[in-house]
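Participant: I need the structure of the sequence given here:
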Amino acid sequence: MGKLSYWVILSLLLSTILLAGCQSGETTLTTPSSTPTANAPKIPHGLEGMADCLSCHTTGTHSVPADHAGRVNSGCTACHKSAN
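Facilitator: Numbering: from 1, shown residues only. This next block holds a predicted model:
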């Protein structure tokens, strides 16, 4: 088998594998959604002097959920509004 045939077969095999993965029905979010949601919990405290949300909400009972990984402070109030 020639070099060209080898690369054609390899390309077809890889394409088939990639397409099969796309058809599996699984969806993976690689980046956080930037669309604010009306269902986001309210912030139960004022925001004066508390612009660094992650300084308190990185670990513990009130830590951010796993699906918020990679988000930054400036994005918190896009969805979460102060109850005050």
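
Participant: Next SSE downstream of the helix or strand harbouring Leu12?
Facilitator: Assigned by DSSP states H and E, Leu12 belongs to helix 3-22. Under the assignment DSSP H and E, the closest C-terminal helix or strand after helix 3-22 is helix 73-79.

Participant: Against which helices or strands is that following helix packed?
Facilitator: Using 3 or more C-beta pairs under 8 Å, 6 or more residues apart in numbering; DSSP states H and E as the contact test, no helix or strand touches helix 73-79. Quick note: C-beta positions are derived from backbone N, CA and C, even for glycine.

Participant: neighbours around the closest residue to Lys42 other than its chain neighbours, how many?
Facilitator: Distance criterion C-beta to C-beta, 6 or more residues apart in numbering; nearest residue to Lys42, sequence neighbours excluded, is Ala83 at 4.0 Å. By other C-beta atoms under 10 Å, the residues close to Ala83 number 10.

Participant: if I pick Ala83, what's in contact with it?
Facilitator: Neighbouring residues of Ala83 by C-beta atoms under 8 Å, 6 or more residues apart in numbering: Lys42, Ile43, Pro44.
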